[in-house]
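Q: Could you look at this predicted model? Sequence included:
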Amino acid sequence: VPRFFGGWSFEADMCSDPEFAQTGYEKGVPMGSRLPAAQPGKGGPVFAVSALSDPGTERNPGGQLAKIQIIKGWVDDQGAFHQAVHDVALGPDQAASVDRSTCEPVGGGARALCGVWQDPDFEPDRDAVYYARVIENPSCRWSRRLCLSLPEADRPDGCDAGRLPETIQERAWTSPIWYAVSDQGA
C-alpha cells in the first residue's frame, strides 16, 4: 500500500508525523497530480512516500519490503527521454534472498517503509515526472513453488535448474506526480 506526495515544503522528519497522509494533502499534492508553482529559494520539489507490505494470509503471508525508490523522468534539449532512480527508504537487510530449495525467506525486510527526498538536480525550466516504486524482498516464482510441490521424479524438465527463473521481486508503483513549466506562470 504506497502513498506518494509531492510539494515544496515537506519536512525531513515527515515520516515520524502520525498524520502523514493529512500533512501530505495539506502541504502538497497526492500521486496523480501536478505540482503547484515552484517557490523561489526552496530548491527542488520534495517528495514523501510511505508503503505498507501486503499482509497476505496465514497460509501465504505477504513478502517483506526491501526498499522504496523514486524515479524521475525528463526529456533533454535533443528530445531524448532520461530517467534517474533514487533509493529513498531501505529495509534492514539489502542482502535478503530466498532459499530456492524450500522457498523460505532468508534475511529480514520491513513491514513498513517511509522516506522523504528532495530532487537535487531540479531544473525549474524543464518538465519532469516523478513516481515511486516499492520493491519486496525476493520470493519464489509460482513455477518454482509448483515444481517443489511435486515429487522429484514427477517434475517436468522445466523444473531443472536454470530452465525457468526461480525467483522474483514483486513491486508496486504509484501514479506519477508531474512538474510542468507551463503550470508555473511563465
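A: Structure's in. What do you need? Just so it is clear, the structure is predicted and the values come from calculations on it, not from any experiment. Residues are numbered from 1 along each chain as shown.
Q: any chance you could map the helices in the protein?
A: Residue ranges of the helices in the chain, as given by DSSP state H, are 20-27, 142-149.
Q: Sort out which residues of the last one are buried, please.
A: Translated: helix 142-149. Across helix 142-149, burial judged by 16 or more other Cβ atoms under 10 Å covers 144, 147, 148. Every residue, glycine included, has its C-beta placed from N, CA and C.
Q: Same question for stretch 70-84.
A: Buried residues in stretch 70-84 (16+ other Cβ under 10 Å): 70, 71, 72, 74.
Q: go on, stretch 125-132?
A: Neighbour counts over stretch 125-132 (16+ other Cβ under 10 Å) mark 128, 129, 130, 131, 132 as buried.
Q: Could you tell me the model confidence score at residue 179?
A: pLDDT for residue 179: 96.
Q: just residue 61 next, same as before
A: Confidence at residue 61, expressed as pLDDT, is 83.
Q: Surely residue 178 is in contact with residue 74?
A: No - the pair residue 178 / residue 74 is not scored as a contact, 10.9 Å apart, by Cβ atoms under 8 Å.
Q: Give me the common contacts of those two.
A: Between them, residue 178 and residue 74 share these contacting residues under Cβ atoms under 8 Å, 6 or more residues apart in numbering: 127, 128, 129.
Q: Now pLDDT and distance to residue 55 too, for those, in JSON lines please.
A: Supplementary listing: the shared contacts of residue 178 and residue 74 in JSON lines, determined by pLDDT from 0 to 100; distance: Cβ to Cβ, whole Å:
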{"residue": "127", "pLDDT": "95", "distance to residue 55": "38"}
{"residue": "128", "pLDDT": "96", "distance to residue 55": "34"}
{"residue": "129", "pLDDT": "98", "distance to residue 55": "31"}
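Q: What about those, which are in strands?
A: 128, 129 (DSSP state E).
Q: Pipe the shared contacts of residue 178 and residue 74 into TSV and attach distance to residue 9 per row.
A: Formatted as TSV, the entries for the shared contacts of residue 178 and residue 74 read as follows, by distance: Cβ to Cβ, whole Å:
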residue	distance to residue 9
127	21
128	18
129	21
